[in-house]
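1. the following comprises the amino acid sequence and a computationally predicted model.
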Amino acid sequence: MEQQGIEKSTKVVLTGEAAYAGGAIVSKILYKSGSGNLTLFAFDKGQELSEHSAPYDACVQVIDGTGEIIINKVPFRLSAGEFIIMPANVPHAVKAVERFKMLLTMLRG
């Protein structure tokens, strides 16, 4: 698979890459390859991703604001600068306590 998204060796300011949209979740793929992908999400307050699972570990790093990451029914409130790993094949969900941005890193293999 070819690399997609932002150019390598390019400085990126994550807080400015995905704009907030009222009542919505905005996502932008920053990098995608066979080994994994980086996706930036901007959640408006109250928006959520319902419970689901993925076949790979996924890392969430909050860039702006505060969100709640629920892993196997256990809520974790994360604010800017905080990070958590969601294990493969374990149900998880995401809720916006306030407007927030997160970088999702999917690790394949």
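-> Perfect, I can see it now.

2. quick one: mean pLDDT over the helix or strand that contains residue 84.
-> Take DSSP states H and E as the rule and residue 84 turns out to sit in strand 83-86. Strand 83-86 shows a mean pLDDT of 98.

3. other residues contacting that strand?
-> 54, 57-62, 69, 71, 76, 78, 92 (C-beta atoms under 8 Å, 6 or more residues apart in numbering). Any C-beta I mention is one placed from the backbone N, CA and C, and that applies to glycine too.

4. repeat that with 10 Å
-> If you take C-beta atoms under 10 Å, 6 or more residues apart in numbering as the criterion, strand 83-86 is touched by 53-54, 56-62, 69-72, 76, 78, 92-94, 102-107.

5. just the buried ones from those residues?
-> Neighbour-count burial (16 or more other C-beta atoms under 10 Å) applied to these gives 57-62, 69-71, 78, 92-94, 102-106.

6. in this protein, which spans are helices?
-> For the chain, no helices are identified by DSSP state H.

7. flag the shaky bits of it, pLDDT-wise.
-> Scanning the chain for pLDDT under 70 picks out 1-4.

8. swap in 50 and give it another go.
-> Residue ranges of the chain with pLDDT under 50: 1-2.

9. what ranges do the strands span in it?
-> 4-5, 25-33, 36-43, 48-52, 57-71, 74-79, 83-86, 92-107 (DSSP state E).

10. tell me which of those strands lies nearest to residue 13.
-> Closest to residue 13 of these is strand 57-71 (C-beta to C-beta; 9.8 Å).

11. tell me which other helices or strands that closest one touches.
-> Under the contact definition 3 or more C-beta pairs under 10 Å, 6 or more residues apart in numbering; DSSP states H and E, strand 57-71 sits against strand 36-43, strand 48-52, strand 74-79, strand 83-86, strand 92-107.

12. tell me the strands beside the longest one, with direction?
-> So that's strand 92-107. strand 36-43 (antiparallel), strand 48-52 (antiparallel), strand 57-71 (antiparallel) (DSSP bridges).

13. now the angle between strand 25-33 and that strand, please.
-> Strand 92-107 runs at 30 degrees relative to strand 25-33, counting by axes from the mean of the first three to the mean of the last three C-alpha atoms, to 10 degrees.
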